[in-house]
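Chemist: Would you be able to build a 3D model of this:
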Amino acid sequence: MHNVDAAGLGIGDDHPPRIMGVLNISQESPYDPSVFADPDEAAAYVEDMIDAGADIVDVGLESANKRLDVLSAEEERERLDTAIETIDAVDGDAVFSIETRYSEVADEALSRGFDMVNDVCGFADPEMPAVCESHDAAVVKMASPPDLERPGAVGETDWTERCDAEWAADADYVDQVYEALKQGGFTEKTIVDPAFGGWSESQTLEDDRETFHRLSDFRELGRPMLVSINRKNFLREFVGRSTEEALPVSLAATALAVERGADVIRAHDVAETRDAAIIGHELGVGPEAFE
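Modeler: Model prediction:
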């Protein structure tokens, strides 16, 4: 299995599971506890996440909620100063990730202190791989169509235009996720993300369920894997819980995800998620059991 060095942080089979905490600069983001506009307040929140066990801090400049308008690259860049001021003010050791779909935003962020990129549009911007390589930066590639305005809309992609028509006719949702990750290739420091959650109208809870069941399939891509399942709808559906009540199911799923090959868990509940990931790593049968 391929391992990645993200600004000195090892990610992959040779390393323990890593926890990615979340900070949102975007005021429209739905999870209020992670949203900050003041750099000093944001820095204090980041320091708390680092103390709780976050190895990586992912900073979002806009919400990827499909019901909201997509910001332009220039609008994202207008928010970048707050993000830079925040990480400059942090007293703590973590890898800082910028969540963006635009190569020009990634380039500026990496030039000004960020360490890696979280691309929710999966290299829909064709310059993204080259930008990350030029900075020797790790990059998370989420499964997505080649469309900057539709992150994660794998099921809405016309795969007959991208692949063999016979393959497209037989492919199920997980096959499409796998193919979406392959589209556009990888850098040497790519981490794959199979895109859990309601990214499009066509994505169902059953799609997420089947993706989770087949999580170990993505190990065949030879890249470390990030999983973002914190309080997701498909988990809450099993137990009939609200978002506020969904931490226990998130932690149970975290342990299973790590056992099935997840190398990075992206979460708001850092301390609890760290413990669940360690249990999955130390007591699980290991991802090789699924191969």
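
Chemist: in what helix or strand does residue 206 lie?
Modeler: helix 205-213 (DSSP states H and E).

Chemist: Can you classify residue 255 as helix, strand or coil?
Modeler: The three-state label for residue 255, taken from DSSP: H, G, I helix; E, B strand; the rest coil, comes out as helix.

Chemist: does it really touch residue 274, like I thought?
Modeler: No. When contacts are counted by C-beta atoms under 8 Å, residue 255 is not listed as touching residue 274 (11.4 Å). From N, CA and C alone the C-beta is placed, and that goes for glycine too.

Chemist: in the helix holding residue 206, what's buried?
Modeler: Judged by neighbour count (16 or more other C-beta atoms under 10 Å), helix 205-213 contains these buried residues: 207, 208, 211, 212.

Chemist: need the contact list for the third one.
Modeler: What it means is residue 211. Residue 211 sits next to 173, 174, 177, 194, 196 when contact means C-beta atoms under 8 Å, 6 or more residues apart in numbering.

Chemist: can you list those residues in a markdown table and add pLDDT, distance to residue 266 and neighbour count?
Modeler: As requested, these are arranged in a markdown table below (pLDDT from 0 to 100; distance: C-beta to C-beta, whole Å; neighbours: other C-beta atoms under 10 Å):
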| residue | pLDDT | distance to residue 266 | neighbour count |
| --- | --- | --- | --- |
| 173 | 94 | 21 | 18 |
| 174 | 95 | 20 | 20 |
| 177 | 96 | 17 | 29 |
| 194 | 97 | 12 | 26 |
| 196 | 96 | 10 | 28 |
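
Chemist: what's the weakest-modelled helix or strand in this protein?
Modeler: Here the helix or strand of the chain ranked lowest by mean pLDDT, DSSP states H and E is helix 165-170, holding a mean of 77.

Chemist: Number of residues surrounding the closest residue to residue 36 other than its chain neighbours?
Modeler: Take residue 36 and drop its neighbours on the chain: the residue closest to it by C-beta to C-beta, 6 or more residues apart in numbering is residue 42, 3.7 Å away. Neighbour count of residue 42, defined by other C-beta atoms under 10 Å: 24.

Chemist: give me phi/psi at residue 42?
Modeler: When quoted as degrees, to the nearest 10, the phi and psi of residue 42 stand at phi -60, psi -40.

Chemist: swap in residue 285?
Modeler: Note on residue 285: backbone dihedrals following degrees, to the nearest 10 are phi -70, psi -20.

Chemist: List the contacts of it.
Modeler: Counting by C-beta under 8 Å, 6+ apart, residue 285 touches residue 259.

Chemist: What does the pLDDT read for it?
Modeler: At residue 285, the model reports a pLDDT of 79.

Chemist: and what of residue 227?
Modeler: As predicted, residue 227 sits at a pLDDT of 98.

Chemist: ok, which stretches of this protein are helices?
Modeler: For the chain, helices defined by DSSP state H occupy the ranges 39-52, 73-89, 103-111, 128-134, 165-170, 173-182, 205-213, 233-239, 247-259, 270-283.

Chemist: Any figure for the gap between residue 217 and residue 154?
Modeler: The span separating residue 217 from residue 154 equals 15 Å under the rule C-beta to C-beta, to the nearest Å.

Chemist: and those two? which has more neighbours close in?
Modeler: More crowded of residue 217 and residue 154, by other C-beta under 10 Å: residue 154, with 30 against 18.

Chemist: sorry, back to before: right, and the helices of the chain - which one's nearest residue 119?
Modeler: Between residue 119 and the helices of the chain, the shortest gap by C-beta to C-beta is with helix 128-134, which sits at 5.7 Å.

Chemist: then that closest one to CSV, C-alphas only?
Modeler: Output of helix 128-134 as CSV, limited to C-alpha atoms (Å, rounded to 0.1, in the frame of the first residue of the first chain):
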residue,chain,number,x,y,z
MET,A,128,-4.8,21.0,-9.3
PRO,A,129,-2.4,18.0,-9.6
ALA,A,130,0.4,20.1,-11.0
VAL,A,131,-0.1,22.8,-8.4
CYS,A,132,0.1,20.2,-5.5
GLU,A,133,3.1,18.5,-7.1
SER,A,134,4.9,21.9,-7.5
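
Chemist: what sits up against it?
Modeler: Helix 128-134 has contacts (C-beta under 8 Å, 6+ apart) with 102-103, 106-107, 110, 117, 119, 123, 138-139, 184-189.

Chemist: Where does confidence bottom out across the residues you listed?
Modeler: Summarising pLDDT for the contacts of helix 128-134: the lowest-scoring member is residue 184, with 93.
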